[in-house]
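> my questions are about this predicted structure, shown below with the sequence.
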Amino acid sequence: RKEVEQDPGPFNVPEGATVAFNCTYSNSASQSFFWYRQDCRKEPKLLMSVYSSGNEDGRFTAQLNRASQYISLLIRDSKLSDSATYLCVPAFNDYKLSFGAGTTVTVRA
Amino acid sequence: NAGVTQTPKFRVLKTGQSMTLLCAQDMNHEYMYWYRQDPGMGLRLIHYSVGEGTTAKGEVPDGYNVSRLKKQNFLLGLESAAPSQTSVYFCASSSSTGVNYGYTFGSGTRLTVV
């Protein structure tokens, strides 16, 4: 089983829509979690950190379910600029992260 | 504040040639990492370092060597380039506070081996 599994998508949604997707992880010892955003041919950039059951930052909400070992990301009121690949990243210790292959979201006008 | 800087940004090598990719960070981070990213495969860890003078193998270390002689620099070497090493290489760094605050990435090096 892969350490991190994500639905690759793509999720194709109209502007203003809500889109949500999940990520499952295999290492139950993971303590902290991150969502990174990666634009085409650019470096990944930190979007959100999740240290407890969830986190909300503007239009973005992340939820963590430790019992089922998954985290989700929800984007409300989608903007064209939200089009990107979203990487799910659990941390196994204080320095090592494991990256999912990403979920691609395309927001259309 | 530059963050993480990678050089070069682009390079084309012939099979069998060697080269060194340089990563420099100005955030006083203890930990540094080299990843490669191929289409559909996500980021894969090549080597990493938890401090000056230390290095460790990641998921895909074969064909690469690294050195961390100075805290701020992490070098990735390809001794004899192969077409399978055509990829985008990302360097990253993180702090050592005991809590993982995530990585800061460089802008990447696009390497083509012909």
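Yes, it's here.
> what does chain B have sitting close to chain A?
The interface of chain B toward chain A, taken as C-beta under 8 Å from any C-beta of the partner chain, is made up of B:30-31, B:35, B:40-43, B:48, B:50, B:88, B:90, B:94, B:96-108. The way it works is simple: take the backbone N, C-alpha and C, and place the C-beta from them, glycine included.
> could you rerun that using 6 Å?
If contacts are counted using C-beta under 6 Å from any C-beta of the partner chain, the residues of chain B sitting beside chain A are B:Tyr31, B:Gly42, B:Leu43, B:Phe90, B:Gly98, B:Asn100, B:Gly102, B:Phe105, B:Ser107, B:Gly108.
> contacts only, for the second one.
With C-beta atoms under 6 Å, 6 or more residues apart in numbering or on different chains as the criterion, the residues that contact B:Gly42 are A:Phe99, A:Ala101.
> low-confidence ranges in the chain?
Unless you meant another one, I'm taking chain A. Chain A contains residues with pLDDT under 70 at A:1, A:94.
> that was the other one, I meant chain B.
Of all residues in chain B, those with pLDDT under 70 make up the ranges B:1, B:97-100.
> centroid residue for it?
Centrality entry for chain B: nearest residue to the mean C-alpha point is B:Trp34, 2.7 Å, by C-alpha atoms, centre = their mean.
> so it sits against B:Leu76, correct?
Yes: counting by C-beta atoms under 6 Å, B:Leu76 is a contact partner of B:Trp34 at 4.7 Å.
> from chain A, how far off is the residue nearest to the centre of chain B?
Using C-beta to the nearest C-beta, to the nearest Å, we find B:Trp34 at a distance of 13 Å from chain A.
> could I have the helix or strand harbouring that residue exported to CSV, CA atoms only?
Counting by DSSP states H and E, the secondary-structure element that holds B:Trp34 is strand B:31-38. Below are the C-alpha coordinates for strand B:31-38, written out as CSV (Å, rounded to 0.1, in the frame of the first residue of the first chain):
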residue,chain,number,x,y,z
TYR,B,31,17.2,20.0,7.4
MET,B,32,17.6,19.9,3.6
TYR,B,33,16.3,17.6,0.9
TRP,B,34,16.6,16.7,-2.7
TYR,B,35,13.5,15.5,-4.6
ARG,B,36,12.8,14.6,-8.2
GLN,B,37,9.4,14.9,-9.8
ASP,B,38,8.3,13.0,-12.8
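> what lines up beside it in the sheet?
When pairing is defined by DSSP bridges, strand B:31-38 lines up against strand B:42-49 (antiparallel), strand B:87-94 (antiparallel).
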